[in-house]
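Next one to model:
(3 chains)
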Amino acid sequence: MKFITANFDQYDGKDIQAYIGLDGFSGLKKAIEMGPLATIEEVKESGLQGRGGAEYPTGRKIEQARIEKAERKFVICNADEGEPGTFKDRELIKKDIYQLIEGMIIVAYCANANEGVIYCREEYDWMHEHICTSILKCKEMGYLGDNILDTGFSFEISLFSGAGSYVCGEGFAMCESMEGKSGRPRSKPPYVKQEGYLNYPTLVINVETLSAITAIMKFGTSNFTDLGTPDCPGTKVISISGKVNKPGVYEVPFGKTLEEIIALAEGVKGDKRIGFVQIGGASGGILPESALKTQFTYRELKSKQVSVGSGAIVVADEDDNILDYLENVGQFFIHESCGKCVPCREGNRQLEILLGKFKHKTATIDDVKMYKDILDMMSEASLCGSGRTEPVPFKTAFTYFEDAFALGGSHEIL
Amino acid sequence: MKYCNVTIDGVKINVPDDMMILDAAKQAGIIVPTLCHLKGISATGACRVCIVETGGGKVQTACSFPVAEGMMVKTNTPKIREMRKTILEMIIANHNAECTTCVRSQSCELQSLAMIYGIEDSHFKKKFNQEPVDMSSATIVRDQSKCILCGRCVSVCNGVQNIGALGFIGRSIDMHVGLAYEHQLSESTCINCGQCIVNCPVGALKERDYLSEVQLALDDPTFTVVVQTAPAVRAALGEVFGLPMGTPVTGKMVASLKRLGFDYVFDTDFAADVCIMEEGTELLNRIRAGAHLPMITSCSPGWVKYAETFYPELLPHMSSCKSPQNMMGALLKSHFAEIKGIDPAKMIVVSVMPCTAKKFEVERQELEVDGIRDVDFSITTRELGRLIKKAGIDFKYLNDEKFDDFYGDSTGAAVIFGATGGVMEAALRTVADIINGNDLKEIEYTVVRGIQGVKEAKVQVTPDFTAKIAVAHGGKNMHFVMDKLAKGELSDYHFIELMACPGGCVNGGGQPIVDAKAKMHIDLRVERAKALYHEDSNILHYRKSHHNPSVMKLYETYLDAPNSHKAHHLLHTSYQRRD
Amino acid sequence: MVETRVIDGILGAYQNDAVNLLQILLKVQSVEPKNYVSEEVAMYVANHLDIPISRVYEVVTYFAALSHKPQGKHVIQICNTTVCQLNGFNEVLKWFKDALKINPGETTADGLFSMKLTPCIGACDISPAIKIGTNVYGNLTKEKVEEILSELRGAIS
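Sure, this is the predicted structure:
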């Protein structure tokens, strides 16, 4: 199934003429023809939601950005793909960057923003030149710069390199880092869309979302909504990795079961059974094999306390230990927490200690209460979205793998 | 401004729609706990202690979330109580809670919240910063094991004081507050103002304590121990003993110092009057010569180090006058010692200051006179409070006593040195009289009073001479003025008063701790200054420095005249680049 | 310290504007032979951007890609996050430790290699993976690790 990834391997990802030959920039032309308001309606109609993990309706997001009145307005492409197990944005940039740039131009045109930034993670520094060259080519062809396609609309894009901070995928942390400060989120309100980068209205949109906008405009909304399920239309670009035979990026329509999706990666290595899967990144939920019949839609996953997130699926086999895995997730958060707010900074520090106790079977009933208290407190009282979702893997693991959380000294199971 | 209707814990109120829940709750009679919040300075939402429910079970921080029409806020639900407790327990697990030996016990905001929330022990594993205490500075001691990372010191050092010595370092569990490249405080641009101390909710920052040295001197009969007290101390010392803010306690302070065994108790105000004579004369000379104008005051040692560090090329603008503290010390060890027949080497001069930077100032070698230090130990208002308590003196019930009469007279001009604009006003009172050659009746220059950050004025001194003056307090405002000066925009100004602490010495880094909650509804810069202006207008007989009979006598019998050779030898100094 | 005119060039390219501090520091570090932002350089940058050095240090210590300590010519970043953990991170780490005789966070005596653990580098499809400079290496085996190291060593001599 190819919609967003339709151009993958159809051209080398670099040649702008080849992209144009594949009907490139027809989405932009259509948007210009329809005008900003109708285009926004089109995006709303498509049911597209933020594909970075926040799941915010994209059409509404652009509409809100359009309303903001300011001297400067920014569209930032969030290419800070930092969720472990996620590499779909990497492929979207590598194999079809013009589709991404086209999406940025469409969004900027609709939101009436004149400045764009591709915030690309430092770990993808090997692609930075590719991004800059592609931007230049678009400019040479008149898709960027002044008076784009005779619309009177002007838009420029520059590249900003992250510097190794997961939290900078969060809107405000991203803005802070772009302003030459450490990447710590600010309190809301005001929101990024009102006072973001340099305190100007800022629209932060994920790579896949932008790419999808181009594809929707190009192929038509109905072709997008025909895919997926009625309440969860379209496709999702998924990164599958872990103990599978063919890890990689796969585009799937919503509504497939997890099992079907994982089958695309040709099963588990060494003919083992699946032990557990983590969906949506480091802060995604963990599900047991028994839950793999679940449909991959926002609603169905939510019913299992899981969310689509970045669309990562990490597969572990039957020999992998859930507590080892959680410990590793915890270490990731300890490495990446910005440190500003108490719930995330201290919560992760204490969770690591508690996980150690579960692992060594020395946990007490008090420890279990603390484990739950910390997770509840983190998910409600953390400053930013990152802190608020970090508890998900720990909570879902506790729900689905209660045996692993046995108390010490006895075989009592909670 | 738009107003909106909000219900907080069932109490309906009507408040401006840009008001934070925290302030709205206050109006509804509800105190929401806070730790990282500092009114007007820091609302980062970092500690999360002030969480409340805002309808639909949504949790927000009251300090940073504004009210909205129809909002239903709940501050005291089981969920909120439980989460606040977990948060506090986690903070305590990351805090070296050695309360019994902590100087901030009973003025610690964390300790007080722990008591309110009934936290007897943190269930969480204790893990706190193990870095050794930074004792490198003569003024400020930093103990990271107690730091709760609220960021108040960082906000103050950067946002208010514009120094940027302190900053956050690292991230996550490695995050800490410190100096660039992990240097010690003494190696940094820190100006010793101590604003970090008075804004720290816990005991992570405190003054370098010299009480044992002072006690040793007091206990040694071979020393004559002389104490002097700065004007702002009397405006705040009462707070240590539970008296309302702004209660002047001059008489009780003198009485307690005498009971503590100081051989002589003098008022730094006397030296402040001398300072006005010296500085006023210097200013007149500069105006006549048209050189190095505007002249800038040099009483605030925080400001002096600021100038040396950030504006070394503008040092010629500084008055060469020592601060009143050091003028007093220099006079005690020369004039006073000579007349009383005391060997200066056997005299210990202690100063009680509202200031931490004074501890640094007393150690400056360039202030020494013939190798003798002007002041031996400088202690803060807080340290004096502890010394009095330790001696078992029941401060509140003391009868007023008077300063020793050798330098017994002081004026209203001197006492207002403790508030921003005070030095300027005192100088104007004297300079205007001298220029006009008579005793002017209009002496209250209210234009330089008050807590506005930068005060600029034109003062008509004579029909043909109008003085252009500026007064600024706090690092950020000093920076504003100095930047203008550096750009040449103030070349037609005559005199500038700069004080490192916001509000001047009344809000000095050595003053009693006032917690962030209290600071939400009182401005201590205003309240404490009231005590000083009250003394000036209602209590003191003389209100101009050149009317101080003891000062006049000093010049007649010892110094000859302001800016004389002898005065220069004892009372003036020079500065060094520190950039 | 790298020549000041090189730093001046970088500062100039970013309009001497403190807003661009992060990009400036990434560039400055990349021209430093020892791959770090020294105190001297930080002070130079701070003075030219008119910001306190504490802010430079805050940024340098906040971001994982910046270092305040000297590093080797080649910084070997070994991914230790979930997918690589499942796919043999522990072995990869051991291979490098054995080959270089250093632990994560350390630099070889000849100053050629530093080793550090890094969170996900977005190469989970070729896990276990590492990154050295701008090169990503995946599907690592013991032989491949030895090959990579000898290639990097060879490139020097």
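
longest helix anywhere in chain A?
Taking DSSP state H as the criterion, chain A has its longest helix at helix A:88-111.

Does it reach chain C?
Yes. Judged by C-beta under 8 Å from any C-beta of the partner chain, helix A:88-111 comes into contact with chain C at A:Arg90. (Each C-beta comes from the backbone N, C-alpha and C, glycine too.)

pLDDT of that helix, averaged?
For helix A:88-111, the per-residue pLDDT values average out at 98.

Could you tell me which strands the following helix or strand past that helix is paired with, and in which direction each runs?
Following helix A:88-111 in sequence order, the next helix or strand is strand A:115-120 (DSSP states H and E). When sheet partners are counted by DSSP bridges, strand A:115-120 sits next to strand A:74-79 (parallel), strand A:156-161 (parallel).

List the buried residues for the helix or strand following strand A:115-120?
The C-terminal neighbour of strand A:115-120 among helices and strands, as given by DSSP H and E, is helix A:128-140. Neighbour-count burial for helix A:128-140, counted by 16 or more other C-beta atoms under 10 Å in any protein chain shown, picks out A:128, A:130-131, A:134-135, A:137-139.

Which of the residues you listed lies at the shortest distance from C:Tyr57?
Distance ranking of the buried residues of helix A:128-140 against C:Tyr57, using C-beta to C-beta, places A:His128 first at 25.5 Å.

picking that back up, so how far is the longest helix of chain A from its chain's centroid?
Helix A:88-111 has its average C-alpha position 14 Å from the chain's average C-alpha position, going by C-alpha atoms, centre = their mean, to the nearest Å.

before we move on, what about stretch C:84-98?
Its chain's C-alpha centre and that of stretch C:84-98 lie 19 Å apart, by C-alpha atoms, centre = their mean.

Over to stretch B:337-353?
Mean C-alpha position of stretch B:337-353 versus that of the full chain (C-alpha atoms, centre = their mean) differs by 26 Å.

State the three-state secondary structure for the residue in the stretch 151-300 of chain A that chain B sits nearest to.
Shortest the stretch 151-300 of chain A-to-chain B distance, computed as C-beta to the nearest C-beta: residue-wise this is A:Ser187, at 3.7 Å. Look at A:Ser187: counting by DSSP: H, G, I helix; E, B strand; the rest coil, its state is coil.

Tell me which residues touch it, please.
Listed by C-beta atoms under 8 Å, 6 or more residues apart in numbering or on different chains, the contact partners of A:Ser187 are A:383, B:43-45, B:61, B:64-65.

ok, back up a step: quick check, nearest of the buried residues of helix A:128-140 to B:Lys530?
Minimum separation from B:Lys530 among the buried residues of helix A:128-140 (C-beta to C-beta) is found for A:His128, which lies at 61.1 Å.

dump the residue contacts of the closest one.
For A:His128, the set of contacting residues under the criterion of C-beta under 8 Å, 6+ apart consists of A:120, A:159, A:161.

can you redo those residues as TSV with pLDDT and neighbour count?
Listed next are the contacts of A:His128 as TSV, based on pLDDT from 0 to 100; neighbours: other C-beta atoms under 10 Å in any protein chain shown:
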residue	pLDDT	neighbour count
A:Cys120	98	25
A:Leu159	98	19
A:Ser161	97	22
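
Convert stretch A:78-97 to CSV, retaining C-alpha atoms only.
C-alpha atoms of stretch A:78-97 as CSV (Å, rounded to 0.1, in the frame of the first residue of the first chain):
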residue,chain,number,x,y,z
ASN,A,78,9.7,18.6,13.1
ALA,A,79,12.4,16.3,11.8
ASP,A,80,13.7,15.6,15.3
GLU,A,81,12.6,12.0,15.1
GLY,A,82,13.9,10.8,18.4
GLU,A,83,11.5,8.1,19.5
PRO,A,84,13.5,4.9,19.8
GLY,A,85,12.4,2.5,17.1
THR,A,86,11.3,5.2,14.8
PHE,A,87,13.0,5.9,11.5
LYS,A,88,10.2,6.6,9.1
ASP,A,89,10.9,10.3,8.9
ARG,A,90,14.5,9.5,7.9
GLU,A,91,13.2,7.5,4.9
LEU,A,92,10.7,10.3,4.0
ILE,A,93,13.5,12.8,3.9
LYS,A,94,16.0,10.5,2.2
LYS,A,95,13.7,9.1,-0.4
ASP,A,96,11.2,11.9,-1.1
ILE,A,97,12.3,15.2,0.4
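
For stretch B:154-167, measure first residue to last.
6 Å (C-alpha to C-alpha, to the nearest Å).

Now do the buried residues in it.
Burial within stretch B:154-167, assessed by neighbour count using 16+ other C-beta under 10 Å, is assigned to B:154-158, B:160-167.

picking that back up, sort out which of the contacts of A:Ser187 are in strands and list them.
When the contacts of A:Ser187 are checked against strands using DSSP state E, the ones located there are B:Thr61.

just the strands in chain A please.
Going by DSSP E, chain A shows strands at A:74-79, A:115-120, A:156-161, A:202-206, A:228-229, A:232-233, A:235-242, A:248-253, A:274-279, A:285-288, A:312-317.

With respect to C:Ala65, which of the buried residues of helix A:128-140 is nearest?
Proximity to C:Ala65 was ranked across those by C-beta to C-beta; first place goes to A:His128, at 12.5 Å.

distance of the closest one from chain B?
As for A:His128, its distance to chain B is 24 Å (criterion: C-beta to the nearest C-beta, to the nearest Å).

Quick one, grab the pLDDT at that residue.
In the predicted model, A:His128 carries a pLDDT score of 97.

now do A:Leu414
Reading off the per-residue confidence, A:Leu414 sits at a pLDDT of 46.

likewise A:Gly408?
Reading off the per-residue confidence, A:Gly408 sits at a pLDDT of 82.

wait, it sits on A:Ile365?
No. Applying C-beta atoms under 8 Å as the test, A:Gly408 and A:Ile365 come out as separate, 10.1 Å apart.

between the two, which one's more packed in?
A:Gly408 (13 against 10; other C-beta atoms under 10 Å in any protein chain shown).

Please report how far the spatially closest residue to the more buried one that is not a sequence neighbour lies from A:Ile97.
In space, not counting the residues next to it along the chain, A:Gly408 is nearest to A:Thr362; the distance is 4.0 Å by C-beta to C-beta, 6 or more residues apart in numbering or on different chains. When C-beta to C-beta, to the nearest Å is the yardstick, A:Thr362 and A:Ile97 sit 52 Å from each other.

ok, B:Gly246 to B:Glu401 distance?
21 Å.

tell me the SS of the closest residue to chain C within the stretch 151-300 of chain B?
When scored by C-beta to the nearest C-beta, the stretch 151-300 of chain B has B:Gly164 as its residue closest to chain C, at 2.7 Å. When the structure is reduced to helix, strand and coil (three-state DSSP), B:Gly164 reads as coil.

Read off the pLDDT value for it.
Predicted confidence (pLDDT) for B:Gly164: 97.

Check A:His411 too.
pLDDT, A:His411: 48.

Repeat that for B:Ser42.
Predicted confidence (pLDDT) for B:Ser42: 86.

Run a quick neighbour tally on it.
When neighbours are defined as other C-beta under 10 Å, B:Ser42 has 22 of them.

same check, this time on B:Gly251
The number of residues packed around B:Gly251, counting by other C-beta under 10 Å, is 15.
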